[in-house]
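S.K.: what follows is a predicted structure for the sequence shown.
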Amino acid sequence: MTKRVLISVSDKSGVLDFAKELVELGYEILSTGGTKKHLQDNGVAVTSVDEVTKFPEILGGRVKTLNPMIHGGLLAKYDDAEHQAQMKEHGIEPIEIVCVNLYPFVETISQANVEFADAIENIDIGGPTMLRSAAKNQKYVTVIVDATDYPAVLAELQTAGQTTVETRRRLAAKVFRHTAAYDSYISNYLSAELGEEFPESLTLTYELKQNLRYGENPHQKAAFYQKRLGSDFSVAYATQIHGKELSYNNIQDANAALQISKEFKEPAAVAVKHMNPCGVGTDTTISKAFQAAYDADATSIFGGIVALNREVDAATAEKLATIFLEIIIAPAFSKEAIDLLTVKKNIRLLTISFEQHAIDQFNIVSVEGGLLVQEPDRFGFNEAEIQVVTKRQPTEQEWAALKLSWSVVKHVKSNAIVVTTDKMTVGVGAGQMNRVGSAKIALEQAGEKAIGAALASDAFFPMPDTVETAIAAGITAIIHPGGSKRDQESIDVANAAGITMVTTGVRHFKH
Ligand SMILES: NC(=O)c1ncn([C@@H]2O[C@H](COP(=O)(O)O)[C@@H](O)[C@H]2O)c1NC=O
């Protein structure tokens, strides 16, 4: 009996050559409307699916292959006498190979202003049903959902006349990953349309971007997955124009640097080590901003990751080239900058679109046995909600320093204290188990630069000790959320010293 292959594809790339080879191998091709036309127009003999089903395609294509003549042919066990008898009784013939790809649902919902009805019409029903039938019957049936598998299947058919069990199992597993992902895009789209934020089950789809050489440490295996509908303004969508492959830690650090960069519209440079900022500088040009980020902590930047929110010009590249950096991220690099920086073989240069400021709807972290999902911390420096709680108001320069310190402290691991001038960080205290400990680290690093600088605390002061330490170091402006029972004691200390203090009403814990 002639072997049959059913081909029904929305994306027709590569299918013509595949079909021609199958005809060469003696297969009869069954096809749905558009696929049949494409193949026939290009000289391939095709049997229409409706000749097999004895039923026309109806409802504008919503029902084409949903028929026992097709699904019987896909699901029957070849070595089951009862199945075979029923096939014979109903005149159903087996279909040995199925090649299907689905309506472009993701591409449709990615378009701007997509109509809901359009999205719904692009939910494929018959395609996933055939894929699932064939994948379930993997013992006998070969199923292909990805055009990159055409050559391997053909090679096996050409050499052995059939595919191997291993190949059929591999392809079937791929099908269920594919249909699961397809359904997750649909369910996420529908949930989002309904405004359902935390549905009763969470189905996430990420696609393998790259296998990594190792994880946080060389003995840990790791890979990097990418969201298909993610923001361009992310390390997952960066373009690497030079250097070694990114490592696991590089990706985390690059992400941290980018998140801080998103705080600034003015030229800003952000240097990160181990996911905490070690230097942040802002100024009228990117070259000056980088100089400030460098001067902030000329020791820690060594081996760091630097994100700049303007094109890297020759002047900036000259400075960048003098230090050892793992990665430089920017919207673009001038020709001269590339020439200067690529002298170093290993330095990674990434370009990222800084235009798009869309951010993920949720942040997700894993804990053993579960996932935590939360909205990103979108709160910035909102002057309207900030209250001056001391007698003295901040000067203009102090406001600028308070704004910078508050923008940075949000991105520092708690307990976080950040000391800045109006243009640069001068001290960062990160991840200490008590707040005054973080303050001491930040102030010690700032040294003389703490005199007249601003200090930000990511959470309130439970007691006035941090404020006292700050004043002793020369800090003249403090920003913190407020809300401690003993706030008044901190305010009294500030007033007594004649410094200014503002509260934001919002805290920035980052664990
Ligand atoms: N309804 C059906 O019975 C059905 N059978 C196959 N399809 C899909 O129709 C598409 C191919 O259509 P055409 O060959 O007409 O271009 C494929 O993406 C396939 O997954 C169907 N369409 C949607 O559900």
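M.R.: Here it is on my side, so go on. Residues are numbered from 1 along each chain as shown.
S.K.: low pLDDT regions in the protein?
M.R.: 356-358 (pLDDT under 70).
S.K.: what does it have sitting close to the ligand?
M.R.: Residues of the chain found near the ligand (C-beta under 6 Å from any ligand atom) are 8-10, 32-35, 61-66, 100-103, 124-127. Quick note: C-beta positions are derived from backbone N, CA and C, even for glycine.
S.K.: mind listing the strands for the stretch 1-150 of the chain?
M.R.: Along the stretch 1-150 of the chain, counting by DSSP state E, counting those that start in this stretch, strands occupy 4-9, 28-31, 47-48, 97-101, 142-144.
S.K.: redo the ones you listed as TSV? Include distance to Gly447.
M.R.: As requested, the strands of the stretch 1-150 of the chain are exported to TSV (distance: least, C-beta to C-beta, whole Å):
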stretch	distance to Gly447
strand 4-9	67
strand 28-31	76
strand 47-48	82
strand 97-101	63
strand 142-144	66
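S.K.: could I get those strands in CSV, plus columns for mean neighbour count?
M.R.: As requested, the strands of the stretch 1-150 of the chain are arranged in CSV below (neighbours: other C-beta atoms under 10 Å):
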stretch, mean neighbour count
strand 4-9, 24
strand 28-31, 23
strand 47-48, 16
strand 97-101, 25
strand 142-144, 27
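S.K.: with respect to Gln84, which of these lies nearest?
M.R.: Gln84 lies closest, by C-beta to C-beta, to one member of the strands of the stretch 1-150 of the chain: strand 4-9, at 16.1 Å.
S.K.: contact partners of the closest one?
M.R.: 15, 18-19, 22, 27-32, 35, 39, 49, 64-65, 70, 73-74, 93-101, 126-127, 130 (C-beta atoms under 8 Å, 6 or more residues apart in numbering).
S.K.: same deal with stretch 436-453?
M.R.: With C-beta under 8 Å, 6+ apart as the criterion, stretch 436-453 contacts 297, 401, 415-421, 426-432, 455, 457, 465-466, 469-470, 473-477.
S.K.: what residues of it count as buried?
M.R.: 436, 438-443, 445-446, 449-450, 452-453 (16 or more other C-beta atoms under 10 Å).
S.K.: now swap in stretch 10-22 and tell me
M.R.: 10, 15, 18-19, 21-22.
S.K.: show me the contacts for the residue in the stretch 301-450 of the chain that the ligand sits nearest to.
M.R.: Nearest residue of the stretch 301-450 of the chain to the ligand, counting by C-beta to the nearest ligand atom: Gln361, 28.8 Å away. Contacts for Gln361 (C-beta under 8 Å, 6+ apart) come out as 192, 375.
S.K.: Glu326 too?
M.R.: 250, 253, 303-305, 347-348.
S.K.: buried subset of those residues as a ChimeraX selection?
M.R.: Those of the contacts of Glu326 that count as buried under 16+ other C-beta under 10 Å are selected in ChimeraX with:
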select :250,253,304,305,347,348
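S.K.: which of the contacts of Glu326 fall within helices?
M.R.: Among the contacts of Glu326, the residues falling in helices (DSSP state H) are 250, 253.
S.K.: on that earlier part again, can I get the buried residues of stretch 436-453 in TSV with distance to Thr167 and secondary structure?
M.R.: TSV is the format used below for the buried residues of stretch 436-453 (distance: C-beta to C-beta, whole Å; DSSP: H, G, I helix; E, B strand; the rest coil):
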residue	distance to Thr167	secondary structure
Val436	64	helix
Ser438	57	helix
Ala439	62	helix
Lys440	63	helix
Ile441	58	helix
Ala442	59	helix
Leu443	65	helix
Gln445	60	helix
Ala446	63	helix
Lys449	65	helix
Ala450	67	helix
Gly452	71	coil
Ala453	66	coil
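S.K.: give me the contacts around stretch 213-228.
M.R.: With C-beta under 8 Å, 6+ apart, stretch 213-228 has contacts from 106, 185, 205-212, 236-237, 245-249, 251, 360.
S.K.: quick one: end-to-end length of that stretch, please.
M.R.: 23 Å (C-alpha to C-alpha, to the nearest Å).
S.K.: which parts of it are buried?
M.R.: Buried-residue list, stretch 213-228, by 16+ other C-beta under 10 Å: 222, 224.
S.K.: and stretch 49-57, by the same measure?
M.R.: Using 16+ other C-beta under 10 Å as the test for burial, stretch 49-57 gives 49-50, 52-53, 57.
S.K.: out of those residues, which two sit at the greatest distance?
M.R.: Val52 and Glu57 (11.9 Å).
S.K.: show me the buried residues of stretch 10-22 that map onto helices.
M.R.: Judged by DSSP H, these include 15, 18-19, 21-22 as members of helices.
S.K.: out of these, flag the one nearest to Trp406.
M.R.: Nearest to Trp406 out of these is Val15 (C-beta to C-beta; 56.4 Å).
S.K.: give me the neighbour count for the residue lying closest to Lys423 once chain neighbours are set aside.
M.R.: Nearest in space to Lys423, with sequence neighbours left out and distances taken as C-beta to C-beta, 6 or more residues apart in numbering, is Ala292 at 5.3 Å. A count of neighbours around Ala292, defined by other C-beta atoms under 10 Å, yields 23.
S.K.: equivalent analysis for Ser191, please.
M.R.: 15.
S.K.: where's it, which helix or strand?
M.R.: helix 165-194 (DSSP states H and E).
S.K.: between that helix and strand 97-101, how many degrees?
M.R.: 30 degrees (axes from the mean of the first three to the mean of the last three C-alpha atoms, to 10 degrees).
S.K.: renumber starting at 44 from here on
M.R.: Sure thing, new numbering starts at 44, so read that last one as helix 208-237.
S.K.: can you give the distance from helix 208-237 to the centre of its chain?
M.R.: 19 Å (C-alpha atoms, centre = their mean, to the nearest Å).
S.K.: flag every buried residue along that helix.
M.R.: 210-211, 214-215, 217-218, 221-222, 224-225, 228-229, 231-232.
S.K.: what does stretch 540-551 contact?
M.R.: The contact list for stretch 540-551 (C-beta under 8 Å, 6+ apart) reads 420, 422, 424-425, 428-433, 435-437, 441, 445, 449, 452-453, 459, 501-503, 510, 514, 518-526, 530, 533-534, 537.
S.K.: tell me which of these fall in helices.
M.R.: Using DSSP H, the contacts of stretch 540-551 in helices are 441, 445, 449, 452, 510, 514, 530, 533-534, 537.
S.K.: which of these sits closest to Gly322?
M.R.: Val452 (14.3 Å).
S.K.: out of the residues of the chain next to the ligand, which sit inside helices?
M.R.: Per DSSP H, the subset of these in helices is 76-78, 169-170.
S.K.: of these, closest to Thr365?
M.R.: Gly170 (57.0 Å).
S.K.: would you confirm that that closest one contacts Asn144?
M.R.: Yes: contact criterion C-beta atoms under 8 Å: Gly170 and Asn144 qualify, at 7.3 Å.
S.K.: which residues do those two both contact?
M.R.: Ser53.
S.K.: quick check: domain ranges of this structure?
M.R.: With domains defined by the TED database, the chain comprises 47-237, 276-394, 430-546.
S.K.: can I get these in TSV with distance to Val410?
M.R.: Formatted as TSV, the domains of the chain follow (distance: least, C-beta to C-beta, whole Å):
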stretch	distance to Val410
domain 47-237	22
domain 276-394	17
domain 430-546	17
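S.K.: what's the closest of those domains to Val416?
M.R.: domain 47-237 (12.7 Å).
S.K.: and stretch 240-256, what's buried?
M.R.: Quick answer for stretch 240-256 (16+ other C-beta under 10 Å): 248, 252, 255.
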